[in-house]
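> quick one, structure for this:
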Amino acid sequence: MATKEIIDLAPQGDVILLCGVPGSEGANMQATSSWKMHDTIMLISIRRIRVSSHIMSSGSPVFKALFNPDKFHEGTTLATESKVEVPFPEDDPYYMSILCSILHTRHDMVPKFTTTPMKEFAKLCDKYDCGLVVKPFLDQDIMANLPNTSASRLLEYLEIVVTLRYSEAIERIATLLVYHSTKPLISRLHGRDPLELDALLAVIEITRLRARREIVIQIDSVIDDLSTQGWACLEMDRSCKATIERTFSLMEQLKEDRLRSETEGCSLDDMLRSMESVRLYDPFGLEDCVNGCEDAKGLSQYDMKFYRKADQIRMLVKGTRFSMV
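Predicted coordinates for the structure are as follows:
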């Protein structure tokens, strides 16, 4: 463990922040402040951070008000003394040191964000209204990796960007959750506070289920169309073997493409990709039909219909505005 009595972010700084509760550093910091910095895991216990009140004020309206001599005791003291110590007993020392490092452009002291610390750090940034200042680090460590992120991790990222009110990030992550979630999102919170995310998660889930419902409607439409061909045979005779064989073959092919039956473990994105690439074919050796149904257009006539429906569903998802929730 590396321990420093003071983090000196501004050698000529006029404020020393006293973060955390005296005597709590050891257990608290080991439990909450493990960060990856320069490929080395560091556990750091910090209570005193020297900063510049001018720099802190320029990056946060809350700090600006705090250090204003006309509004708060801390500001009045600062106006009469060259240096002042300001207690922040409720703030985690390590997260505060990261925030101050960013504000002072000490990027060498900013670790790579991982999910759990980032959620707590986001709450601190929201508290001091400086989310925009840390946005470049979020973009670098989270947003840049979204295409390769699992649905469970996307849900955690969503909590972060909702806390920081990043509209563009909310749109991107919510859309990815629609495409890649295979289970109801509410059930995946696992004890996290769902109240902030309730409305947003509801919209995401409704959009996901609506899109999947459109796939079911498309499949039913194709089966109905095949049945209509059979009903035309032998004056409403339902026993047209060519049509029956085509229908069963269609359902088997759709099952193989994960578009029918066991699709709960299949994401919307997987299903749409299958619709876009589906190549249906007639079963081999169709039996003759007196009305020539075996010579009618085969299952391949539906390939383009599935492709177009997939495109419509993607447009439906794209047209949903999640950040307005």
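
> okay, strands next: where are they in the stretch 1-150 of the chain?
When assigned using DSSP state E, counting those that start in this stretch, the strands of the stretch 1-150 of the chain occupy the ranges 2-3, 6-8, 15-19, 34-37, 40-45, 48-51, 84-88.

> would you enumerate the residues in contact with Ile160?
Going by C-beta atoms under 8 Å, 6 or more residues apart in numbering, Ile160 touches 115, 118-119, 122, 138, 142. All C-beta spots, glycine's among them, are computed from the backbone N, C-alpha and C.

> mind redoing it with 7 Å?
118-119, 122 (C-beta atoms under 7 Å, 6 or more residues apart in numbering).

> quick one: buried residues of the helix ranked longest in the chain?
For the chain, the helix that runs over the most residues, judged by DSSP state H, is helix 198-231. In terms of neighbour count (16 or more other C-beta atoms under 10 Å), helix 198-231 has its buried residues at 200-201, 203-205, 207-208, 211-212, 214-215, 218-219, 222-223, 226, 229-230.

> circling back: tell me the one of the contacts of Ile160 nearest Arg273?
Comparing these against Arg273 with C-beta to C-beta places Met118 closest, at 30.9 Å.

> now do the same for that closest one: its pLDDT.
Per-residue pLDDT puts Met118 at 82.

> excluding chain neighbours, what is closest to it?
By the measure of C-beta to C-beta, 6 or more residues apart in numbering, the closest residue to Met118 outside its immediate chain neighbours is Ile160, 5.6 Å from it.

> what of Asp270?
Nearest non-adjacent residue to Asp270, counting by C-beta to C-beta, 6+ apart: Arg258, 6.3 Å away.

> what kind of secondary structure is the one you found in?
coil (DSSP: H, G, I helix; E, B strand; the rest coil).

> is it in contact with Arg273, as I believe?
No. Arg258 is beyond contact range of Arg273, at 9.6 Å (criterion: C-beta atoms under 7 Å).

> need the distance between the two termini of stretch 227-244.
By C-alpha to C-alpha, to the nearest Å, the extent of stretch 227-244 from end to end equals 8 Å.

> averaged pLDDT, that stretch. What do you get?
Averaging pLDDT along stretch 227-244 gives 61.

> for the protein, which segments count as helices?
Taking DSSP H as the criterion, the chain contains helices spanning 25-32, 53-59, 61-66, 73-80, 93-103, 115-127, 131-141, 151-164, 167-180, 198-231, 241-256, 268-277, 303-318.

> out of those, nearest to Asp14?
Comparison of the helices of the chain against Asp14 by C-beta to C-beta identifies helix 53-59 as nearest, at 5.4 Å.

> report all helices and strands that that closest one contacts.
Applying 3 or more C-beta pairs under 7 Å, 6 or more residues apart in numbering; DSSP states H and E, we find helix 53-59 packed against helix 61-66, helix 93-103.

> how far does the longest one sit from the chain's center?
Relative to the mean C-alpha coordinate of its chain, helix 93-103 is positioned 25 Å out (C-alpha atoms, centre = their mean, to the nearest Å).

> between that helix and strand 15-19, how many degrees?
Comparing the axes of helix 93-103 and strand 15-19 via axes from the mean of the first three to the mean of the last three C-alpha atoms, to 10 degrees yields an angle of 150 degrees.

> what's helix 93-103 packed up against?
Against helix 93-103 (3+ C-beta pairs under 7 Å, 6+ apart) you get strand 15-19, helix 25-32, strand 48-51, helix 53-59, helix 115-127, helix 131-141.

> what does the shortest one rub up against?
Counting by C-beta under 7 Å, 6+ apart, the neighbours of strand 48-51 from elsewhere in the structure are 5-10, 13, 15-19, 96-97, 100, 104.

> make a PyMOL selection of whichever of those residues turn out to be buried.
Only the buried entries of the contacts of strand 48-51 go into this PyMOL selection, using 16+ other C-beta under 10 Å:
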select buried, resi 7+9+10+13+15+16+17+18+19+96+97+100+104
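
> any idea which of the contacts of strand 48-51 is least confident?
Lowest pLDDT among the contacts of strand 48-51: Glu5, with 73.

> sorry, back to before: got a pLDDT number for the residue nearest to Met118?
Listed pLDDT for Ile160 reads 88.

> from Ser101, how far out is it?
To Ser101, Ile160 is 19 Å away according to C-beta to C-beta, to the nearest Å.

> how about Pro283?
Distance, Pro283 to Ser101, by C-beta to C-beta: 67 Å.
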